[in-house]
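Colleague: Sharing a sequence plus its predicted fold:
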Amino acid sequence: MPGARSTGNLPTELTSFVGRRSEISEAKRALATARLLTLTGVGGVGKTRLALQVAAKVRRAFAGGVWLVELAALQDRTLLDQTVADAMGLRDRSARPPREVVTSHLADKQLLLVLDNCEHMVDQCAGLAADLLAVAPGLRILATSRHALCAPGEQILTVPPLPVLDPERLSQPGKLIHDEAVRLFAERAALVRPGFAVTASNHAAIGRICWQLDGLPLAIELAAARVRVLTPEQILHRLGDRFRLLRGGGQAVVPRHQTLRAVIDSSYELCSPLEQLLWARMSVFAGAFDMDAAEAVCAGDGIDRDQVLDLVTGLVDKSILVRQDQNHASQARYRLLDPLRHYGWDAVPAAEPEMLRRRHRDHYLELAERGEAEWFGPSQREVAARTRCEHDNLRLALEFCLSTPGESQFGLRMAAALYFYWLGCGFLAEGRHWLDRALTMHPEPAKARAAALWINAHLAVAQGDASRATDMAQEARDWAERRDDQTVLAYAIFVQGAAAWLCGDAPHGQVLLDDALARFEALGELSTAVVIAHVMVIVAAGFDDDLPRAVALGTRARDLCEQHGEQWARAYTLAGLALAEWRQGAVAQASANTQEGVRALHGFHDTFGTVLLIEQGAWITEATGDSKRAAALLGAASTIWPLVGEQPLLGSPHYLAAREACEQQARRTLGDRAFRAAFASGADLDLNQAVACALGEKPEPATAAPTGTSTSDKPLTKREQQVAELVAHGLSNKDVAARLVIAPRTAEAHVERVLAKLGFTSRTQLAAWITQRGGDRIP
Ligand SMILES: Nc1ncnc2c1ncn2[C@@H]1O[C@H](COP(=O)(O)OP(=O)(O)O)[C@@H](O)[C@H]1O
Ligand SMILES: [Mg+2]
């Protein structure tokens, strides 16, 4: 989760790390002087692992945190800036170019950016690095790439393979055990064959294998996975044949990329024909995927659906597929390491690439449309989490649609179906990117275009880009009027109304919003967008002091959400209600609703909604007479708004006037100096701490923020892990109890125990800790 003092997003490494002491100190030394350090070397040599180790070691030196940006799965170069912004948790809602969002965020930060796997967009990365370093004096960049970026000021560290001794020339073979390469082999072998150890009888063979493989970590891992079925002697024997072929009988040294290639070749040959075919087909995925996806995309034409599980098991056993368990999602996920993915793609049968891409697209289009259908309902949180997991694959599918002749109408459909995700999970800019591209390819008037137009217009409104929104909504409206499509017409009018109200034309905005509401009612239309239309009317009525109407509508909208189990828009409804209650003087009620809303939206990672409610919480707190806390909350919001967009509060004159009034009042009560001090104390909080403050929990001082390394030695039990996750997703004790079907008392006791074990005092610390450990990963 972003914040001025966040420690970043480094993932927990799932397998042990071996050796590299001198490379780590060399990289640390280099980073102390150079501002851009690139780790280069062949695929599989260990660049990424080394970068992660170095980054973890220097984390303390960077108050702004260490942020990993994973580029391997990124295909669309124009999304580079967006990807960097996402990785740092910047949820910009404005229409600013993402490069600008990133530069302005980094300008005053002491921060390390790790750009992993730059090789397929070296020029773009070089340009990015140059731009960022030019404006952000406290920034350092650590890149990994097969080739240098050739950016100004770049320092290069070539990552060598793990050291390994020539066993033939060793006087004391026992020494081999200390070889880093041999250690890596032994540790990976023990993973597939518990109890495996280097012994007097096998060490010579292992040493030879590692030497043969030139100390290349990925190659060693692939070879080690074979101890499940073969002895080291046998593995060595098989490799030996292959290398003799490579050397063509002579003594020439085999170049490293060929070494890796040879090992992958032999891994490939050890697979059954069906495993080979599945490996090839699976290379169509970007990043990780789950079993459902594997079955949907890769089965057929030679592989039966019910064979996929066994084949996947075989590929995991051989270390071809890596299992990734990091989500609270109920499905295990798998991925191919980069060199294996490229190898797999080359092995796809000639007739299949296009078919695979199309099936991949079909699967993710279906996922997007299922998400769209389920979003307004009780499984909303699961939909959000599931969609977030598949972001890379969704991008790849969209890219396929928009770059393959004859497929673009699917792209238009898919970008529009993901409306809920772009809006609800903080990806406005990216949503507009895809919708804009798809709309450009479909200029002719049609229903799909009209629907995409009003959706894109809503994203623009949410970014405060009222003029583009108005144009797009008008075009959708014209089409709907011509074709008498009442549904599209109602949505288009809603968006026009929202745009008008936000840019200050309240009377016109209200007329349009009322019109939209009446139309939705007449049509019996119900969706998250319809609830948001209600929220707009509630807020407008609230500012207009038509409080009975605001409260009546708010109550109704909230009830609607509750009937359907909708939680995201419900939180916005609470925000609208709280606003009206505050204007009415029902401060306690307003405060309770605001807190409930903050908790929920924070759980959705909806930074915009969260900060909006923190800000509103300041005004309400001021009304309770606690000016000091009100000032602190204003300060907290002022730090978070820049993460969200160009201008606070969407630039809405109504909201800005309310903030101004709150600030004036707090200043009068506290006096200038005390106000400034309280404001500054809030401005120092990061997002999680600000949320704690808004919830009335005592925020910890920033320096004591949990780092993710403060675990006690007592690990969490399985149940405690579940509880921790749910709490991190914003569920109350009562909700945790309901979800796990246990008594509320028991849930409460679990929560207490989790906090005590981890040494935390608040739920937000727990959430922060879980987030810092890599998104939704559980401890
Ligand atoms: N020092 C190391 N200790 C343990 N495993 C390593 C080490 N270096 C690399 N590996 C493993 O080898 C494989 C390839 O490493 P990776 O860092 O992905 O290579 P690259 O980024 O150079 O392609 C990964 O599975 C990684 O976990
Ligand atoms: Mg890598």
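Modeller: Sure, I can see it. Ligands and ions are numbered 1, 2, ... in the order given.

Colleague: For residue 479, report the pLDDT, please.
Modeller: On pLDDT, residue 479 comes in at 98.

Colleague: Skipping adjacent residues, who's closest to it in space?
Modeller: residue 450 (4.3 Å; Cβ to Cβ, 6 or more residues apart in numbering). Every C-beta, even on glycine, is put in place using the N, C-alpha and C of the backbone.

Colleague: Please name every helix or strand in contact with the host helix or strand of residue 723.
Modeller: Assigned by DSSP states H and E, residue 723 belongs to helix 718-728. Helices and strands touching helix 718-728, by 3 or more Cβ pairs under 8 Å, 6 or more residues apart in numbering; DSSP states H and E, are helix 733-740, helix 744-758, helix 763-772.

Colleague: try it again with 10 Å
Modeller: Packing partners of helix 718-728 (3 or more Cβ pairs under 10 Å, 6 or more residues apart in numbering; DSSP states H and E): helix 587-603, helix 733-740, helix 744-758, helix 763-772.

Colleague: Taking helix 718-728 as reference, get the angle to the longest one.
Modeller: For helix 587-603 and helix 718-728, the angle between their directions (axes from the mean of the first three to the mean of the last three Cα atoms, to 10 degrees) works out to 120 degrees.

Colleague: Just to check, residue 651 is in contact with residue 466?
Modeller: Yes - with contact defined as Cβ atoms under 10 Å, residue 651 counts as touching residue 466 (8.6 Å).

Colleague: Those two: which has the busier surroundings?
Modeller: Higher neighbour count among residue 651 and residue 466: residue 466, with 24 against 17, using other Cβ atoms under 10 Å.

Colleague: what about the more buried one, distance to ligand 2?
Modeller: Distance of residue 466 to ligand 2, given as Cβ to the ion, to the nearest Å: 43 Å.

Colleague: tell me the contacts of that residue?
Modeller: Neighbouring residues of residue 466 by Cβ atoms under 10 Å, 6 or more residues apart in numbering: 457, 460, 496, 498-505, 509, 650-652.

Colleague: Ligand 2 is nearest to which of the helices and strands packed on helix 718-728?
Modeller: helix 763-772 (22.1 Å; Cβ to the ion).

Colleague: For the closest one, what is the distance to the chain centroid?
Modeller: 16 Å (Cα atoms, centre = their mean, to the nearest Å).

Colleague: For that helix, name the packing helices and strands.
Modeller: Using 3+ Cβ pairs under 10 Å, 6+ apart: helix 763-772 touches helix 587-603, helix 687-694, helix 718-728, helix 744-758.

Colleague: any idea of the angle the last one forms with helix 733-740?
Modeller: Taking the same axes, to 10 degrees, one finds that helix 744-758 is oriented at 100 degrees with respect to helix 733-740.

Colleague: cool, and the third one?
Modeller: Helix 718-728 runs at 130 degrees relative to helix 733-740, counting by the same axes, to 10 degrees.

Colleague: Residue 477 is in contact with residue 499, correct?
Modeller: No - using Cβ under 10 Å, residue 499 is not in contact with residue 477; the gap is 11.9 Å.

Colleague: neighbour-wise, which of those two wins?
Modeller: residue 499 (28 against 22).

Colleague: In contact with that one, which residues are there?
Modeller: Here residue 499 is in contact with 457-458, 460-461, 464-474, 505, 508-509, 512 (Cβ under 10 Å, 6+ apart).

Colleague: What are the buried residues along stretch 24-32?
Modeller: Of all the residues in stretch 24-32, those buried under the rule 16 or more other Cβ atoms under 10 Å are 24, 27, 30-31.

Colleague: quick one: which of the residues you listed is nearest to ligand 2?
Modeller: Closest to ligand 2, out of all of the buried residues of stretch 24-32 and judged by Cβ to the ion, is residue 27, at 14.9 Å.

Colleague: Next, count neighbours for the residue nearest to the closest one when sequence neighbours are not counted.
Modeller: Ranked by Cβ to Cβ, 6+ apart and with sequence neighbours excluded, the top spatial neighbour of residue 27 is residue 54, at 4.5 Å. Residues lying near residue 54 (other Cβ under 10 Å) number 26.

Colleague: who's in contact with residue 54?
Modeller: 20, 23-28, 30-31, 37, 39, 66, 112, 114, 142, 157.

Colleague: thinking again about what came up before, now for residue 651 and residue 466: what residues contact both?
Modeller: Going by Cβ under 10 Å, 6+ apart, residues that sit against residue 651 and also against residue 466 are 502-504.

Colleague: Can you say which of those residues are buried?
Modeller: The buried subset of those (16+ other Cβ under 10 Å) comprises 502-503.

Colleague: mind listing which of the shared contacts of residue 651 and residue 466 are in helices?
Modeller: Taking DSSP state H as the definition of helices, the shared contacts of residue 651 and residue 466 contribute residue 502.

Colleague: Adding pLDDT and distance to ligand 1 as columns, could you present the shared contacts of residue 651 and residue 466 in CSV?
Modeller: Formatted as CSV, the shared contacts of residue 651 and residue 466 follow (pLDDT from 0 to 100; distance: Cβ to the nearest ligand atom, whole Å):
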residue, pLDDT, distance to ligand 1
502, 86, 46
503, 84, 48
504, 85, 52
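
Colleague: Looking at the shared contacts of residue 651 and residue 466, which is nearest ligand 2?
Modeller: residue 502 (44.1 Å).

Colleague: sorry, back to before: a markdown table please, covering the helices and strands packed on helix 763-772 and showing mean neighbour count and distance to ligand 2.
Modeller: Below are these laid out as a markdown table (neighbours: other Cβ atoms under 10 Å; distance: least, Cβ to the ion, whole Å):
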| stretch | mean neighbour count | distance to ligand 2 |
| --- | --- | --- |
| helix 587-603 | 22 | 32 |
| helix 687-694 | 29 | 30 |
| helix 718-728 | 20 | 29 |
| helix 744-758 | 17 | 31 |
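
Colleague: for these, which one sits closest to residue 632?
Modeller: helix 687-694 (6.3 Å; Cβ to Cβ).

Colleague: Show the subsequent helix or strand relative to the longest helix along the chain.
Modeller: For the chain, the longest helix by residue count, based on DSSP H, is helix 353-375. Remark: after helix 353-375, the chain's next helix or strand is helix 380-389, criterion DSSP H and E.

Colleague: pLDDT of that next one, averaged?
Modeller: 92.

Colleague: For the helix or strand following it, which helices and strands make contact with it?
Modeller: Downstream of helix 380-389, the next assigned helix or strand under DSSP H and E is helix 391-403. In terms of contacts (3+ Cβ pairs under 10 Å, 6+ apart), helix 391-403 is packed against helix 80-87, helix 353-375, helix 408-417, helix 428-441.

Colleague: got the buried residues for helix 391-403?
Modeller: In helix 391-403, counting by 16+ other Cβ under 10 Å, buried: 391-402.

Colleague: What is the nearest of those to residue 749?
Modeller: residue 391 (36.4 Å).

Colleague: what does the stretch 251-400 of the chain have sitting close to ligand 1?
Modeller: Neighbours of ligand 1 within the stretch 251-400 of the chain, by Cβ under 6 Å from any ligand atom: 337-338.
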